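Visitor: Provided below for reference: sequence and predicted model.
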Amino acid sequence: MLNPIKKELERLAHEILAQKDTANATALLQQVQQLYKQLILLEHLEGQAKVQEEQPAEVPPLMDTINELVTELPLEEESAAIDDLFASVAEPVFVKKEAEVQQEPIATPSQEAEAPRNLNDVLGKGIQIGLNDRLAFIKNLFDGSAEDFQRVISQVQTLGSWDEAHLFIENMIKPDYNHWEGKEAFELRFLKCLESNF
């Protein structure tokens, strides 16, 4: 297959060289394109020939390869030896471990009153207001200012009793926000939330 292609390449090359001054550009371009096609075909066929040379001539059957890979199965004598090995091991005996009884110190009533009962009691100190209430209070009572809301909450937390907190809100906070006129429902809810934390 390679010889006819090589002969065709040689013929095309001689034709191109024989034209010299008489060739027009279009005819010369067509001959060069044919020459290029033949070169590509030759290169492809030579590549295939190299691949075929590199491949082994004969591939062993699949079953032969599998048989070579699989090791021999153990003989019956070997399986008996393995069974004897495990037969010498006695059945395991499980013994229940007795739980150690720990005596907890008895707390006195004064200690119970002082000690927090759970994690919420420890971490939940301060005024607790739900997210929905918080957003409603910020929007309606504090003219959309979250900073003002947080400042008021922080100040109320420092006060010792509900009466002090109520007076602080009535005298210091409400005048800054037009006494919350028309927002009595939100004001009532805000005061109930604060009062429940005292």
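Guide: Noted; the coordinates are in hand.

Visitor: can you list the domains in this structure?
Guide: Per the record, the chain has its domains at 2-54, 126-196, by automatic domain parsing.

Visitor: tell me which of those domains is the most buried.
Guide: Most buried of those by mean neighbour count (mean count of other Cβ atoms under 10 Å) is domain 126-196; its value is a mean of 14. All C-beta spots, glycine's among them, are computed from the backbone N, C-alpha and C.

Visitor: what mean pLDDT would you report for that domain?
Guide: On average, the pLDDT along domain 126-196 is 87.

Visitor: ranges for the helices of this protein?
Guide: Applying DSSP state H to the chain gives helices spanning 2-19, 25-54, 62-69, 76-87, 109-114, 119-123, 131-140, 146-157, 162-168, 184-196.

Visitor: as a markdown table, those helices with distance to residue 94 would be great.
Guide: Putting these into a markdown table (distance: least, Cβ to Cβ, whole Å) gives the following:
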| stretch | distance to residue 94 |
| --- | --- |
| helix 2-19 | 81 |
| helix 25-54 | 65 |
| helix 62-69 | 43 |
| helix 76-87 | 19 |
| helix 109-114 | 42 |
| helix 119-123 | 38 |
| helix 131-140 | 53 |
| helix 146-157 | 58 |
| helix 162-168 | 62 |
| helix 184-196 | 55 |
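
Visitor: quick one: closest of the ones you listed to residue 176.
Guide: Closest to residue 176 of the helices of the chain is helix 146-157 (Cβ to Cβ; 8.2 Å).

Visitor: how far away is residue 152 from residue 141?
Guide: Distance of residue 152 to residue 141, computed by Cβ to Cβ, to the nearest Å: 9 Å.
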